[in-house]
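Okay, structure incoming, though there's no sequence with it:
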Ligand code: CMC
């Protein structure tokens with residue numbers, strides 16, 4: 001008999017059960033057999049709010065070892081990918097499992113490049129948002145609205161239809177993001193320039209003024225590629241789990257991705273980069289840092305950009321972003337907030353409160369400082385996260401649809417409310 005089993009004794013009944021262990025996990029449904037004598041006992045379940053110790057799927061996309069600070073896409077360490085690849089190569093790797101050869105890359109880039117334009121009707125309704133609408137709100141709503149433009153996307157069992165939506169979404173999210181930005185600042189929308197790279201074109205759509213041909217700065221173009229690679233996927237985080245969860249109802253990918261982007265919008269997730277900038281401005285100067293750290297320790301505020309559910313070590317992405325910041329500052333000039341951030345990190349990493357709880361800088365701690373140096377308002381930071389994460393969300397959606405173990409996501413609850421009672425009309429008078 002295999003020793004890959006777990007023996008459980010139910011002390012309520014004295015009965016012993018054996019459940020199988022596979023890949024270091026037991027199946028939660030195997031616990032159902034553990035019942036009291038009562039016929040209506042549904043059996044034992046696990047209680048795990050926030051999925052602290054529950055695997056919701058098997059995945060072959062991204063590997064994280066949070067204790068060691070390791071992050072790999074399809075087996076490749078993140079630092080090597082950031083060093084040698086473009087974002088579109090990494091998107092191919094995520095989706096197909098292998099890096100593309102030259103021909104595959106050319107086809108891939110062509111497919112994505114030819115889908116960058118938005119339907120003019122999309123542009124029209126984007127103009128209906130108020131001038132100060134948060135760009136993430138515009139982004140989420142516009143992505144959701146795309147489902148009405150591509151109703152065939154509902155054919156989620158057709159692989160070629162799915163592939164087409166991947167091209168469309170990855171191509172259009174930068175255009176939506178840039179239009180949202182220009183809407184906020186009252187500039188006419190700049191159309192995509194398909195002669196440029198993915199990130200070069202994004203800079204064009206963001207910053208083109210009256211010149212006939214926008215020439216992206218090479219350092220900025222490359223820095224964006226690196227930032228996009230670092231943000232492309234992060235296994236079962238809150239927004240990816242949302243993508244899978246909505247997708248499990250066989251919803252079209254536009255609606256599912258709008259849901260995932262909404263999850264990303266939250267300040268505990270992708271909204272943290274915006275919150276970091278607000279925090280750095282609120283601190284204002286290096287001399288105020290000790291006072292702010294004391295407020296964190298007293299539980300009054302959180303040190304935004306610090307801590308992670310999975311990383312209990314330095315987030316490898318934060319290290320790469322810190323290097324990228326120096327390269328960007330060579331072009332843009334130094335963002336003065338970096339001095340507060342560096343000192344904040346130094347003090348926090350030497351403070352018992354943060355050491356004991358294994359709180360280290362995460363990906364969001366430095367990314368906002370770079371985006372600000374590039375000239376982006378803080379409201380755009382989460383949008384900058386959503387663009388590359390689109391590749392990760394869609395890859396997980398695809399994996400989920402092909403996974404025979406998957407069913408519609410539907411957790412159990414532990415009901416602690418009122419028992420059955422009769423409505424007594426007199427009692428309501
Ligand atoms: N500042 C101060 N204390 C913190 C922080 C922080 N940033 N993060 C966690 N703690 C404390 C927390 O108060 C708790 O202390 P105690 O044990 O005394 O109650 C302990 O550390 C464990 O925290 P938790 O909230 O139970 O941990 P979690 O795994 O549920 O939360 C987190 C992870 C990322 C939501 C959290 O660390 C946090 O709120 N960080 C700030 C927001 C942030 O930077 N988010 C971006 C995450 S990375 C990008 C992404 O995933 O989108």
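Received, thanks. Note that the structure is a prediction, hence the values are computed from the model and not measured. Numbers count the residues shown, from 1 in each chain.

max-length helix in this structure?
In the chain, taking DSSP state H as the definition, the longest helix is helix 159-185.

can you give me the offset of that one from its chain's centre?
Computed by CA atoms, centre = their mean, to the nearest Å, the chain-centroid distance of helix 159-185 equals 16 Å.

From the contact counts, what lies against it?
The contact analysis (3 or more CB pairs under 8 Å, 6 or more residues apart in numbering; DSSP states H and E) places helix 159-185 against helix 102-113, helix 120-126, helix 135-149, helix 198-207, helix 253-265, helix 381-402. Bear in mind the C-beta positions are built from the backbone N, C-alpha and C, glycine included.

Please work out the average pLDDT along the first one.
When you say that, I think you mean helix 102-113. On average, the pLDDT along helix 102-113 is 97.

That one: which residues count as buried?
108-109, 111-113 (16 or more other CB atoms under 10 Å).

what's the closest of these to the ligand?
residue 112 (24.5 Å; CB to the nearest ligand atom).

What pLDDT does the model give the nearest residue to the closest one once chain neighbours are set aside?
Spatial nearest neighbour of residue 112, excluding adjacent residues (CB to CB, 6 or more residues apart in numbering): residue 171 at 4.7 Å. Per-residue pLDDT puts residue 171 at 98.

For this protein, list the residues in contact with the ligand, please.
Taking CB under 6 Å from any ligand atom as the criterion, the neighbours of the ligand within the chain are 237, 268-270, 272, 296, 302-309, 357, 359, 362-364.

I'd like the list of the residues you listed that fall within helices, please.
272, 296, 364.

can you list those residues in TSV and add pLDDT and neighbour count?
Shown next, in TSV, are those (pLDDT from 0 to 100; neighbours: other CB atoms under 10 Å):
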residue	pLDDT	neighbour count
272	88	25
296	95	20
364	87	29
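
Mind listing what's buried along stretch 368-384?
368-374, 376, 378-384.

Rounded mean pLDDT for it, please.
Rounded mean pLDDT across stretch 368-384 is 92.

go on, stretch 149-167?
pLDDT averaged over stretch 149-167 gives 98.

if we can go back for a sec, drop anything exposed from the residues of the chain next to the ligand.
Among the residues of the chain next to the ligand, those classed as buried by 16+ other CB under 10 Å are 237, 269-270, 272, 296, 302-308, 359, 362-364.

Closest residue of the stretch 1-150 of the chain to the ligand?
Counting by CB to the nearest ligand atom, the stretch 1-150 of the chain gets nearest to the ligand through residue 50 (6.4 Å).

is it fair to say that residue lies in a strand?
No. Under DSSP: H, G, I helix; E, B strand; the rest coil, residue 50 sits outside any strand and is assigned helix.

mind checking pLDDT for it?
At residue 50, pLDDT is 95.

Now do the phi/psi pair for the closest residue to residue 92 other than its chain neighbours.
Sequence neighbours aside, residue 100 is the residue nearest to residue 92 in space, at 4.5 Å (criterion: CB to CB, 6+ apart). Per-residue torsions, residue 100: phi -80, psi 150 (degrees, to the nearest 10).

which intervals of the protein have sub-threshold pLDDT?
Along the chain, segments meeting pLDDT under 70 span 1, 427.

in it, what residue is nearest the ligand?
Closest point on the chain to the ligand, by CB to the nearest ligand atom, is residue 307, at 2.4 Å.

Contacts only, for the residue lying closest to that residue once chain neighbours are set aside.
Nearest residue to residue 307, sequence neighbours excluded (CB to CB, 6+ apart): residue 359, at 4.3 Å. Listed by CB atoms under 8 Å, 6 or more residues apart in numbering, the contact set of residue 359 reads 303, 306-307, 348, 353.

Per the annotation, how does this structure divide into domains?
With domains defined by automatic domain parsing, the chain comprises 73-269+379-402, 272-373.
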